[in-house]
Every structure is written in C-alpha cells, then in structure tokens.
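A.B. asks: Here's my sequence, what's the structure:
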Amino acid sequence: MSTLANSPAPLPPLLIFLSATTGLVDAASVLGLGKVFTANMTGNVVFLGFAAADLPGFNAPIYLLAIATFMAGAVVAGRTGRRFVGKPLRQWLLISALVEASLLALGAIVAIGFDIAAQPPLRVAAIVSLTAIAMGFRNATVRQLKVPDLTTTVLTMTITGLAADSTLAGGGNINWKRRGASILGLLAGATVGAVLLKHVGLAAPLALAAALILSATLIAARHADTARPLAA
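C.D. replies: Below you'll find the model as predicted:
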C-alpha cells in the first residue's frame, strides 16, 4: 500500500480535487434523476432495500442499472489498467481522465433541456448509465493507485480515520489535512452541483465535472513524478 511519503507528489491533490467532482456528479444524479447515486454505490444498495420493502419513491430498476453499469466501468478499468502496469503513470492517468470526462460529457449532452419533473425514462437510463460507467472506471483507477484515505467517492473510512486517529482518541492526527480536504472537497462539489442544477439545469454539473477532471489531470500529468512506472 502506498503511503503519503511514497505516493507520487501530484496524486493526493489530484484525488482531493476529484472528490469535488464526485459531489457534482452525485448532486446531478440524486437531485436530478430521481434519488439514484451514480458515484456512491452504498447509497444505491440502501435505496434498493427500501424499494424491496415497497416504500414509495424508490425505484429498484434504476438502482440495479446504476450498480450494473458502475461495475461494468470498473471491470473495463481493471482490465485496461493492468495493461499499463510498468508504463509511465501519466499515461494511465490521462487515459482514465479522458474516458471519464468523455462519458460525463456525453451524459451532459443527453441532459441538455432535461425536464426534471417529467423524468423521461430513456433519458434517465442513458444519463445514469453514462455517469455510472464513468464513476466505476474512476473508482477502479483510484483503487489501483493505492493512495490512502483518498477514494474520491466514499468518505465513511476517511471520516472514521479522522476521528480514530485524532488527538481526542489518543492518536497523532495522521493525514488529517488530506482527510479533511477530501471531505470538504466532496461537500463543496455537492453544493456547487446543487446550485447549478437548480439555476442552470442538469447538464451543467455534469459538464463542469468533465471539464474539471480533464483539466486537473492534465496539470497533474505534467509533474515529473508521473513518469514513474504504474505499480501493479
């Protein structure tokens, strides 16, 4: 497992930045597509349980679609990432960012003029699928990078680590800055995403996420440390 000391220098700030884009994507999906997550699968599993109990407002097929397409994205990233082992890290970072940004951009195009109140089923399914594939690809990529505390999507263990390693718990506040930054990043992204959805439309947070992912990764890939070989 990588540590803060041996992780390539641009990775922690890049992953913190990507946490903010997760907030943008989930703001779009949860608020715009009828209570479905396309980045955080834990939420979908919980919602699926509510749907199984026949509670109103929960749609089992859309949760299953999100989970299935997320897994498909992760499978593709897992297989592709193994082919880049031993090659410069920047190559895999750029390929991953291009795939993710392209899928989110396509989702944004489909979402142009989207009527949130009407929830047209085919467009909902298309946007959910495109964004979930993108985030599944992202999660598998981040998993391969093995940077502690920075998953970019799920914060439960990050928050646990922040508390369990705190001075109050008798710890040394290990990595508290990056943990806190990751939490704040996702919070900020969700806030901005909600504002954009409310005042501009569903396409806006998805388009912004795509642009930020690609631009941030291009900047990170310029760092000399990304010439290191990608580890298995």
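
A.B. asks: give me the low-pLDDT residue ranges for the protein?
C.D. replies: Scanning the chain for pLDDT under 70 picks out 1-8.

A.B. asks: ok, then the element right after the one helix or strand F17 maps to?
C.D. replies: For F17, the element it lies in under DSSP states H and E is helix 11-32. Beyond helix 11-32 in the direction of the C-terminus, DSSP H and E gives the next helix or strand as helix 41-52.

A.B. asks: just checking, what packs against that next one?
C.D. replies: helix 60-83 (3 or more C-beta pairs under 8 Å, 6 or more residues apart in numbering; DSSP states H and E). The way it works is simple: take the backbone N, C-alpha and C, and place the C-beta from them, glycine included.

A.B. asks: Output the contacting helices and strands for the helix it packs on.
C.D. replies: Contacts of helix 60-83 with other secondary structure elements, assessed using 3+ C-beta pairs under 8 Å, 6+ apart, are made with helix 41-52, helix 89-111, helix 121-145.

A.B. asks: closest one to L168 among those?
C.D. replies: Proximity of the helices and strands packed on helix 60-83 to L168 was assessed by C-beta to C-beta; the nearest stretch is helix 41-52, lying at 26.3 Å.

A.B. asks: Which residues does that closest one contact?
C.D. replies: The list of residues contacting helix 41-52 from outside it, by C-beta atoms under 8 Å, 6 or more residues apart in numbering, reads 30, 35-37, 58-60, 63-64, 66-67, 70, 154, 156.

A.B. asks: so which of these would you say is closest to T141?
C.D. replies: Relative to T141, the closest of the contacts of helix 41-52 is F70; by C-beta to C-beta it sits at 13.1 Å.

A.B. asks: and the closest one, how many residues sit next to it?
C.D. replies: The burial metric for F70, expressed as a neighbour count using other C-beta atoms under 10 Å, is 28.

A.B. asks: dump the residue contacts of it.
C.D. replies: Contacts for F70 (C-beta under 8 Å, 6+ apart) come out as 38, 41, 132-133, 135-136, 139.

A.B. asks: now do A9
C.D. replies: For A9, the contacting residues are 223, 225, taking C-beta under 8 Å, 6+ apart as the criterion.

A.B. asks: mind running it again at 10 Å?
C.D. replies: Residues in contact with A9, defined by C-beta atoms under 10 Å, 6 or more residues apart in numbering, are 220, 223-226.

A.B. asks: Let's verify it: helix, strand, or coil?
C.D. replies: Per DSSP: H, G, I helix; E, B strand; the rest coil, the secondary structure class of A9 is coil.

A.B. asks: and D149, what element?
C.D. replies: Assigned by DSSP H and E, D149 falls within no helix or strand.

A.B. asks: Backbone dihedrals for it, both of them.
C.D. replies: Dihedral angles phi and psi of D149 (degrees, to the nearest 10) take the values phi 70, psi 0.

A.B. asks: ok, it - how many residues close by?
C.D. replies: Residues near D149, counting by other C-beta under 10 Å, number 21.

A.B. asks: mind checking how far it is from I183?
C.D. replies: D149 is 10 Å from I183, where distance means C-beta to C-beta, to the nearest Å.

A.B. asks: How about the contacts made by G86?
C.D. replies: Contact criterion C-beta under 10 Å, 6+ apart gives 229-232 as the residues in contact with G86.

A.B. asks: Quick check on the residues you listed: which are buried?
C.D. replies: Buried residues within the contacts of G86, counting neighbours by 16 or more other C-beta atoms under 10 Å: L230.

A.B. asks: a markdown table for the contacts of G86, including secondary structure and distance to A169?
C.D. replies: Converted to a markdown table, the contacts of G86 look like this (DSSP: H, G, I helix; E, B strand; the rest coil; distance: C-beta to C-beta, whole Å):
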| residue | secondary structure | distance to A169 |
| --- | --- | --- |
| P229 | strand | 37 |
| L230 | strand | 35 |
| A231 | coil | 31 |
| A232 | coil | 34 |
